[in-house]
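S.K.: Have a look; sequence and predicted model below, questions after that.
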Amino acid sequence: MTRWLTEAVPRGRVAAFRTLVYLFVAADLVFFTPWVRDRVDVPGNLYQPLFVGRVLPLPTPTATLVSVIFWALLLLALLAATGRAPRLLGWTVFALYLEWMIIAMSYGKVDHDRFALLVALAVLPTAGRARHGDLTRSEAGGWALRVTQISVICTYFLAAWAKFRFGGLDWATGSVLAKAIIRRGTDLADLIAQVPHLLLVAQFGILAFELLSPLVFVLPERWRLATVGFFYSFHLVTIATITISFAPHLVAMTSFLPLEKVRPVIALRRLLARRSPSDRRGLDPHPPVVATQLGADPPGVTPAPPTGKPAAVPATGRPDTAPVTDVVGECQPAEGP
């Protein structure tokens, strides 16, 4: 079991995953959860902190506290994405983002799609230093990714357990998806809803998918990647039909992927390097003009040697000029009578 938990992975994979996670944290503050800053306008008696917020305990959020967390977290997440000071910046980002999530989820609604991302932020500092493209294997990095993978699968499996806990089999046989489509469905969802019994089949399929998700760990690597692709397709359909985004969960799920093979900076350099010097000269809008003197050989033509032999043939196999025949000495005087 210990060997499976600490299966070594390339450090480049850890570096790529770290950069992706911290960049998402910065994007989350700006695009996905900027509404957290509006929570300070809500009366303080409506703030009911989560269990972890009561145990620590944490102060009731104020405008000053939320602004400090926002700007500090935004700056530190961008710095952490560079891979510098992985432990110091990693633990700081985790603590600030945990507080950000406690404030966001302490007003009556808890999103379970952020569980795996929080676990990733908690374990990434333990992976140590890692550089992009480094193929050296690391057990510490493997442990960090494995724990993140387990949290991703727990999100699915525990979601099925919660459905049975609060809804029982009625969740599968009821009108859960129909209500979701009525409340926030798209045109595509309206078309799907018209197919008889399709929503009931989909509800049973969701339960089966969530209950069987732990099997991904016993599949061969090729089938494991295909299964993870199916996970992503499931969320794509969810977004396209009932507009529910699992963006933090999808970022954490990249821990299953061979991210060390994806290097956008190197790909961009190779693309720019394809333009050879000759290609760049061909794109010059003002090519140089070479003047030719009267009687001189044109540029690129090898003059005929004094022996009378024809000009040298270029490498292309075609002569630049027509061959010239030396007739000196070939004319014979006319014979006398």
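M.R.: Done, it's in.

S.K.: Now stretch 120-135: buried residues?
M.R.: Counting neighbours by 16 or more other Cβ atoms under 10 Å, one finds that the buried residues in stretch 120-135 are A120, L121, A122, V123, L124, P125, A127, A130, H132, D134. Using the backbone N, CA and C atoms, a C-beta is placed for each residue, glycine as well.

S.K.: again with stretch 162-179
M.R.: Residues of stretch 162-179 classed as buried by neighbour count (16+ other Cβ under 10 Å): K163, W171, A172, V176, L177.

S.K.: can you map out the strands along this protein?
M.R.: Secondary structure of the chain, counting by DSSP state E: strands at 9-10, 137-138.

S.K.: out of those, deepest packed?
M.R.: Among the strands of the chain, strand 9-10 has the highest mean neighbour count (mean count of other Cβ atoms under 10 Å), at a mean of 23.

S.K.: What pairs with it, parallel or antiparallel?
M.R.: strand 137-138 (antiparallel) (DSSP bridges).

S.K.: returning to that earlier point: nearest to G185, of the strands of the chain?
M.R.: Of all those, strand 9-10 sits nearest to G185, with 40.2 Å by Cβ to Cβ.

S.K.: re earlier: and the buried residues of stretch 162-179 as TSV, adding pLDDT and distance to R114?
M.R.: As requested, the buried residues of stretch 162-179 are exported to TSV (pLDDT from 0 to 100; distance: Cβ to Cβ, whole Å):
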residue	pLDDT	distance to R114
K163	93	19
W171	93	22
A172	92	26
V176	93	22
L177	94	23
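
S.K.: who touches the residue lying closest to R137 once chain neighbours are set aside in this structure?
M.R.: Setting aside the residues directly before and after it, R137 is nearest to A8 in space (Cβ to Cβ, 6 or more residues apart in numbering), at 3.7 Å. By Cβ atoms under 8 Å, 6 or more residues apart in numbering, A8 lies in contact with R137, S138, E139, G141, G142.

S.K.: you'd agree the first one is up against R11?
M.R.: Yes: look at R137 against R11 with Cβ atoms under 8 Å: they come within range, at 7.4 Å.

S.K.: thinking again about what came up before, can you redo the strands of the chain as a markdown table with mean pLDDT and distance to T62?
M.R.: Formatted as a markdown table, these follow (pLDDT from 0 to 100; distance: least, Cβ to Cβ, whole Å):
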| stretch | mean pLDDT | distance to T62 |
| --- | --- | --- |
| strand 9-10 | 96 | 42 |
| strand 137-138 | 96 | 42 |
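
S.K.: Of the ones you listed, give the one that comes closest to V110.
M.R.: strand 9-10 (31.4 Å).

S.K.: hmm, who's touching the closest one?
M.R.: D134, L135, T136, R137, S138, G141, G142, L145, E260.
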